[in-house]
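Enquirer: Predicted model and sequence below, questions to follow.
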Amino acid sequence: MQPFTVEHLGYTFTSDKALIPVEAVHAWLSKESYWVQDIPLDVVKKSFENSFTVGILRGDELAGYARLATDYATLAILADVFVTEPHRGQGLSKKMIELIMDLDWVKKLRSITLGTRDAQGLYARFGFVNPENPERVMMLRRPDIYTNAVNATR
């Protein structure tokens, strides 16, 4: 699969992993996110390598990120979507999700799931809805797995 690079409003949107600074992704996720505080760098690197990733860059600075954990054929989980504070309010997350959803192989996926605390409006623009039968949806959650691991080593 060929990576893409698109220029928009002075930002570079790219799926080229060689251009996305994974250490900056880790720094934001481990310190700023509400969903994976204290996630170890090796875990971020492994998820980065095993997912389809998109980064938003302003020069060498990471301005945003998203990844699809996917089999590239039937399903995906959209995860770790963020735009850093100084770059918010410019429609960058909308553009990033638009670029992802417009990929031919993404259009052929049967199912894309995600979890969000506060961005339902963004995702609804792209056709995401709440599960039709939430009583059929199950998940195993370990929300403190990284925090507890950090505390256990202190």
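Expert: Perfect, thanks for sending it.

Enquirer: how about the helices of this protein, start to end?
Expert: For the chain, the helices defined by DSSP state H occupy 22-32, 41-49, 92-101, 104-107, 120-124, 145-152.

Enquirer: In terms of secondary structure, what does the shortest one contact?
Expert: Under the contact criterion of 3 or more CB pairs under 8 Å, 6 or more residues apart in numbering; DSSP states H and E, the helices and strands touching helix 104-107 comprise an empty set. Placement of C-beta: from N, CA and C, glycine included.

Enquirer: If you count neighbours, what's buried in that helix?
Expert: Judged by neighbour count using 16 or more other CB atoms under 10 Å, the buried positions of helix 104-107 are residue 106.

Enquirer: Touching that helix from outside, list them.
Expert: Helix 104-107 is touched from outside by 1, 68, 72, 76, 100-101, 112, with contacts defined as CB atoms under 8 Å, 6 or more residues apart in numbering.

Enquirer: rerun that using 7 Å as the cut-off
Expert: Under the contact criterion CB atoms under 7 Å, 6 or more residues apart in numbering, helix 104-107 has outside partners 72, 100.

Enquirer: got it, and the first one?
Expert: With contacts defined as CB under 7 Å, 6+ apart, helix 22-32 is touched by 36-39, 41, 44-45, 48, 62, 65, 80, 82, 84.

Enquirer: For those residues, please prepare TSV with the additional fields neighbour count and pLDDT.
Expert: Formatted as TSV, the contacts of helix 22-32 follow (neighbours: other CB atoms under 10 Å; pLDDT from 0 to 100):
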residue	neighbour count	pLDDT
36	20	95
37	15	92
38	16	94
39	21	96
41	14	98
44	21	98
45	14	98
48	18	98
62	21	98
65	24	98
80	22	98
82	22	98
84	18	98
